[in-house]
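> Sequence first, predicted coordinates after that:
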Amino acid sequence: MHIGIGLLEYMSMITFVTGLLWVAARMRKHAIAAGGKKPIWVSYGAEFFGVLVLILFCRVAIADWQEVPSGSMEPTLRVGDRILVNKLAYGPRLPFTNTAIKMGEPVRGDVVVFRYPGDVSIFYVKRLIGVPNDVVAYDHGAVSINHQAFHVAADNTITPHPEDRGQTFFHETAAQRERTIKLNTAMPGARIDPVAWEQVYQNNCIVVSAQQWQCTVPQGKYLMMGDNRDNSVDSRVWGFLDASEVYGKATKVIVNFSDFSRFWTTL
């Protein structure tokens, strides 16, 4: 198990420090009142404790927000999107540990925020493709789960952005879940070398090429992929995601300051 130090952990440490200052201020309240002017540590430390506790509680137990830094989930998510992360969907995770208070399980098709296995202080967002025991096959852009192929059709409803040049949109449906993905129709998947399948998970995966492979998802793991299938550092590169690294379910785009039309977009 990895112990991650990220924004939530730093907020927890700051809240702990302000809590100590708050206790000290309460113990010395008469001396502080007699002095007339509040010390700086009271004004800029102890008095922020209540606000920080409220913010921390909301981020741990209810919801969080994250900024999308890359285009791996285009067109579902764009660079600069601030996304709302529902912590109640799977259950809140306690700071400094990956311990979860279980309230639900991720399901196929969810857009999941998680700690990047290579550096657990960094959060990634990808789509959950396979759950434990699923047989996931990839063949030149077409995905199937347990020998049931995803239904894919050209999608002409998306307005292309400059970063979409040379790629084609497809509407993908699986198990009553729908999304739009991007593919390079000339060589789908060829840019992503499935090194994890070849080097670490040889017992779980059969690799014919970057465009054709099949994996059985191990217990306690998930297979994650980006909707920008040809430009996504995902499970093909760093392997299956451990269930303990799941952080929450991305549900909406709160805002994108470069494109206000993205406001409150449902994922």
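Right, received. Where do you want to start?
> Quick one: list the elements packing against the single longest helix found in the chain.
In terms of residue count, the longest helix belonging to the chain (DSSP state H) is helix 7-27. Identification of packing neighbours for helix 7-27 by 3 or more Cβ pairs under 8 Å, 6 or more residues apart in numbering; DSSP states H and E yields helix 40-43, helix 49-61. To be clear about C-beta, it is placed using only N, CA and C from the backbone, and glycine gets the same treatment.
> Pick the most deeply packed of those.
Highest mean neighbour count of the helices and strands packed on helix 7-27: helix 49-61, a mean of 15 (counted as mean count of other Cβ atoms under 10 Å).
> Now do the strands in the stretch 1-150 of the chain.
For the stretch 1-150 of the chain, the strands defined by DSSP state E, counting those that start in this stretch occupy 63-67, 82-86, 111-115, 123-130, 135-139, 142-145, 148-149.
> Each with direction, which strands does the third one pair with?
The reference is to strand 111-115. strand 123-130 (antiparallel), strand 246-255 (antiparallel) (DSSP bridges).
> Adding mean neighbour count and distance to T265, write those strands out as TSV.
Shown next, in TSV, are these (neighbours: other Cβ atoms under 10 Å; distance: least, Cβ to Cβ, whole Å):
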stretch	mean neighbour count	distance to T265
strand 123-130	24	14
strand 246-255	22	4
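> The ones you listed: which one's closest to K87?
For K87, the closest of the strands paired with strand 111-115 is strand 246-255, at 4.7 Å, according to Cβ to Cβ.
> what is the mean pLDDT for that closest one?
Average pLDDT, strand 246-255: 93.
> helix or strand right after it?
strand 265-266 (DSSP states H and E).
> Now do that following strand: which elements does it pack against?
strand 246-255.
> just to revisit the earlier point, the strands paired with strand 111-115: which one's closest to L183?
When those are ranked by proximity to L183 (Cβ to Cβ), strand 123-130 comes first, at 14.2 Å.
> Please enumerate residues in contact with that closest one?
6, 66, 68, 72-73, 76-77, 83, 106-116, 136, 143, 145, 179, 215, 217, 222-227, 232, 234-235, 247, 250 (Cβ atoms under 8 Å, 6 or more residues apart in numbering).
> what do you get for stretch 252-259?
Counting by Cβ under 8 Å, 6+ apart, 65, 77-78, 80-84, 262-267 sit against stretch 252-259.
> of those residues, buried ones?
By neighbour count, with 16 or more other Cβ atoms under 10 Å, the contacts of stretch 252-259 hold 77-78, 81-84, 262, 265, 267 as buried.
> Of the residues you listed, which pair is most distant in space?
R78 and L84 (15.0 Å).
> quick one on the thing from earlier: of the contacts of stretch 252-259, which pair is most distant in space?
For the contacts of stretch 252-259, the farthest-apart pair by Cβ to Cβ is G80 and T266; their separation is 17.8 Å.
> Quick check: G239 touching Y201?
Yes - the criterion here is Cβ atoms under 8 Å, and G239 meets it with Y201 at 6.4 Å.
> More neighbours: which of these two?
G239 (22 against 19; other Cβ atoms under 10 Å).
> related to what we said a few turns ago, distance to V152 and mean pLDDT added to the helices and strands packed on helix 7-27, as JSON lines?
As requested, the helices and strands packed on helix 7-27 are exported to JSON lines (distance: least, Cβ to Cβ, whole Å; pLDDT from 0 to 100):
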{"stretch": "helix 40-43", "distance to V152": "59", "mean pLDDT": "79"}
{"stretch": "helix 49-61", "distance to V152": "37", "mean pLDDT": "73"}
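> would you turn those helices into JSON lines with distance to M11?
Listed next are the helices and strands packed on helix 7-27 as JSON lines, based on distance: least, Cβ to Cβ, whole Å:
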{"stretch": "helix 40-43", "distance to M11": "19"}
{"stretch": "helix 49-61", "distance to M11": "5"}
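> Which one of those lies nearest to I14?
I14 sits nearest to helix 49-61 of all these, at 6.5 Å, using Cβ to Cβ.
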